[in-house]
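Participant: below: sequence and its predicted model.
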Amino acid sequence: MKLKTVFFVAVISTVFAVPSFSQQKENPQIEKKIKTLINQMTLEEKIGIIHASSSFTSGGVPRLGIPELVMSDGPHGVRPEHGRDWVLDKGVDDAGTYLPTGINLASTWNPKLGYQYGAVLGSEARYRGKDMILGPGVNIIRSPLNGRNFEYLSEDPFLASQMAVGYIKGVQNQGVSACVKHFAANNEEADRNTVDVRMSERALREIYLPAFKAAVKQGNVYAVMGSYNKFRGQFATHNDYLVNKILKGEWGFKGILLSDWGAVHNTKQALYNGTDLEMGTDLRLMNNSVSQSDASGKALSKSIYDQFFMADSALNLIKEGKVPIAVIDEKVTRILRLMFDIKMIGSNDRPVGVYNSPEHQQVALKVAEEGIVLLKNNQNLLPLNKSIKSIAVIGENAARENAMGGGSSQVKAKYEITPLQGLKNLLGTNTNITYARGYKIDKKQKADDELIAEAVKAAKNADVAIVYCGWTHGYDYNQWGDNAFDAEGVDKPNMNMPFEQDKLLTAVLAANPKTIIVLMGGGPVDMSKWINQAPAIIQGWYPGMEGGNALAKIIFGDVNPSGKLPMTFPKVLEDVPAHKLGEFHGTNGIVNYKDDIFVGYRYYETFNVKPQFAFGHGLSYTNFNYDDARIKAKGGNLEIKVKIKNTGKVDGAEVVQVYVKKPGTIKLPNEELKSFEKVFLKAGESKKIVLEIPKEDLRYYDEDKKAWILGAGKVNVMIGNASDDIKIKKEIEL
Ligand code: BGC
């Protein structure tokens with residue numbers, strides 16, 4: 001069988017050529033124009049701009065040609081249209097490109113795809129009249145239980161940074177602002193509105209902030225969303241330390257800090273601590289008990305939005321002389337600067353965007369193909385041969401659509417190829433496909449003996465069985481209560497397979513040893529009950545509108561898998577550092593991140609705990625050889641050269657990962673990812689790759705000195721293709 005590789009489609013690369021971007025800076029001519037506009041604005045108009053005017057807009061000033069700022073979720077598609085009062089619009093053409101979710105994007109380890117992904121979002125957002133996409137979500141995956149991990153990128157700050165920067169540039173090059181979220185330390189959902197997060201300064205600097213910093217300093221992001229939680233006792237959205245001191249002070253951020261929806265709690269703190277725009281979800285509006293218009297449809301003069309913290313109460317503080325107008329002007333300046341940056345005002349050549357183009361759908365397919373991870377493949381059971389006569393396809397996830405699940409990240413997909421449909425598309429009528437549901441997705445969460453018996457029968461009668469199982473988005477609170485998974489506002493109760501799928505898997509594996517398990521969802525499950533019997537396991541994530549096609553191509557070898565895990569898959573929840581060393585959810589409203597910097601593989605590799613599948617792990621249908629590694633110090637930075645050869649019979653891609661152990665006398669992780677590159681190689685081909693690690697990245701944060709320190713001694717450099725599969729180790733003195 002001839003395998004096609006996962007090279008980019010040439011046409012996509014030319015459509016989305018990566019432009020160069022400057023870092024955060026002011027343009028004197030634009031600053032002058034902003035001043036002129038501000039001088040013409042009344043106090044009421046200024047206040048109107050710094051808070052919501054409807055569910056996804058903030059106020060404009062029509063008489064001065066300043067439009068409302070129109071926002072949309074994000075992060076993996078443009079959200080369906082909401083009326084101004086949170087009611088989903090009916091009869092509008094808002095079914096668009098549904099991209100694989102963030103964790104699938106990160107699994108590609110391909111920042112160029114991050115750019116293309118962002119460009120699709122920006123282009124579709126523009127076409128739909130949006131000015132801002134509320135994404136990417138870059139919160140660190142600290143526990144597998146977090147309900148929004150599927151939207152996020154990684155447990156590792158470097159990987160998250162690299163993927164986020166590409167995404168942001170892609171969005172913003174389309175005349176739309178990205179909005180990196182949720183700043184900061186929003187790593188659990190269940191109590192996100194109230195929880196007070198405590199962590200060391202070192203953990204903050206080394207783990208939880210770098211992706212935001214990269215978004216600002218390398219991605220030049222125009223907007224940052226403050227999160228719901230508190231940080232060291234003060235709400236993050238108006239947290240003096242996070243917003244004034246770090247974001248705007250140290251990092252020199254020139255864009256806007258907007259609140260998450262309903263994250264502002266105090267007018268004075270919001271005014272003084274850096275919140276530029278208050279957005280919100282008003283429950284009365286959601287319940288439809290308050291309207292923005294009277295019976296005849298005329299807008300009411302006083303709206304619910306006037307009651308926001310940054311509306312009438314801010315206005316009164318200014319009028320009473322209790323807060324200087326300069327505080328408001330500074331916020332308005334930032335909002336207008338963003339409008340100039342994305343060419344909403346002051347320009348006639350703003351991109352117009354494209355909707356549902358074949359190129360966009362191709363990007364969805366590429367990301368799925370490169371992000372799906374082959375976890376296990378004993379005796380090369382995969383890829384399957386297309387001449388196979390019969391397949392039993394089992395599991396409700398085989399036939400389930402996911403686009404509208406998960407909460408605010410919902411997307412109305414133009415179409416969504418389910419895994420079952422993908423197999424049918426690829427195989428046509430040559431193969432006999434029998435489908436058995438296997439388990440029920442419902443609140444009872446119990447195994448169904450009849451469905452298991454039906455699945456076992458189908459598996460026995462087929463050459464191969466493929467079970468599509470794992471998580472699903474369960475979002476409807478009324479239906480799911482606290483048992484929802486992979487959804488906003490809730491965390492998973494544990495890592496056990498939902499719906500007692502263990503029973504189904506054990507029975508099917510016994511009935512047909514040639515059973516392939518495809519796990520869907522935003523993270524790992526406890527596989528201990530069946531992993532030893534399972535010859536082949538694929539992590540399918542939420543792979544977007546083309547996900548079914550991508551999965552089928554991988555299963556049958558039309559695509560050689562090249563995805564790598566962006567998070568550790570632990571054996572059991574008890575092994576996860578957040579749970580073992582730290583706290584998840586905490587007590588009395590406070591959560592202490594006692595796991596400190598030992599998040600994800602930093603913990604597993606340092607404390608010798610074996611995970612089920614390590615960070616960076618992902619198999620291919622070919623093999624790669626690492627050779628001829630040379631490391632030298634170049635101007636204080638590290639230069640790493642290594643030769644990679646595809647020694648197998650099929651084309652494929654390898655992700656070369658460089659980990660270091662930093663020099664220093666304090667407790668340091670045994671491994672930290674500092675560079676990587678995805679290399680595409682034809683069968684037999686070899687390539688020399690050159691990677692560089694700036695010396696700044698070899699520093700650790702010293703709590704006492706409150707500074708980044710480059711320790712004395714040798715750096716251990718480890719080159720490999722997973723955090724637990726190091727091929728070459730070298731030491732070097734800087
Ligand atoms: C979410 C944000 C989202 C916003 C608007 C909030 O509840 O946390 O991620 O962008 O709603 O939908």
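Facilitator: That came in fine, so what should we check first? All values reported here derive from a predicted model rather than from experimental measurement.
Participant: tell me how many other residues surround the residue in the stretch 201-350 of the chain that the ligand sits nearest to.
Facilitator: Closest to the ligand within the stretch 201-350 of the chain is Trp261: 4.0 Å, counting by CB to the nearest ligand atom. In short, each C-beta sits where N, CA and C put it, glycine included. Other residues within reach of Trp261, judged by other CB atoms under 10 Å, total 20.
Participant: cool, and Lys571?
Facilitator: With neighbours defined by other CB under 10 Å, the count for Lys571 comes to 18.
Participant: give the helix, strand or coil label for it.
Facilitator: Three-state call for Lys571 (DSSP: H, G, I helix; E, B strand; the rest coil): coil.
Participant: just the local confidence number for it, please.
Facilitator: Predicted confidence (pLDDT) for Lys571: 98.
Participant: which ones are touching it?
Facilitator: Shown in contact with Lys571 (CB atoms under 8 Å, 6 or more residues apart in numbering): 526-528, 610-612.
Participant: repeat that for 7 Å
Facilitator: Counting by CB atoms under 7 Å, 6 or more residues apart in numbering, Lys571 makes contact with 528, 611-612.
Participant: in PyMOL, how would I select the buried members of the residues you listed?
Facilitator: Buried members of those, defined by 16 or more other CB atoms under 10 Å, are picked up in PyMOL with:
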select buried, resi 611+612
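Participant: low pLDDT regions in the stretch 251-400 of the chain?
Facilitator: 282-302 (pLDDT under 70).
Participant: helices of that one, residue ranges please.
Facilitator: 267-272, 283-286, 312-319, 325-341, 358-371 (DSSP state H, counting those that start in this stretch).
Participant: what's the most buried one of those helices?
Facilitator: helix 358-371 (a mean of 25; mean count of other CB atoms under 10 Å).
Participant: convert the C-alpha atoms of that one to PDB, please.
Facilitator: Taking Å, rounded to 0.1, in the frame of the first residue of the first chain, the C-alpha atoms of helix 358-371 are listed here in PDB:
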ATOM      1  CA  PRO A 358     -12.800  24.500   0.100                       C
ATOM      2  CA  GLU A 359      -9.400  25.900   1.300                       C
ATOM      3  CA  HIS A 360     -10.900  26.400   4.800                       C
ATOM      4  CA  GLN A 361     -12.200  22.900   4.900                       C
ATOM      5  CA  GLN A 362      -8.800  21.600   3.700                       C
ATOM      6  CA  VAL A 363      -7.200  23.300   6.700                       C
ATOM      7  CA  ALA A 364      -9.800  21.600   9.000                       C
ATOM      8  CA  LEU A 365      -8.800  18.300   7.400                       C
ATOM      9  CA  LYS A 366      -5.000  18.900   7.600                       C
ATOM     10  CA  VAL A 367      -5.200  19.800  11.300                       C
ATOM     11  CA  ALA A 368      -7.200  16.700  12.100                       C
ATOM     12  CA  GLU A 369      -4.800  14.500  10.100                       C
ATOM     13  CA  GLU A 370      -1.700  15.900  11.700                       C
ATOM     14  CA  GLY A 371      -3.200  16.100  15.200                       C
END
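Participant: what's it packed up against?
Facilitator: The contact analysis (3 or more CB pairs under 7 Å, 6 or more residues apart in numbering; DSSP states H and E) places helix 358-371 against helix 10-15, helix 102-107, helix 111-127, helix 547-555.
Participant: thank you kindly, that will do.
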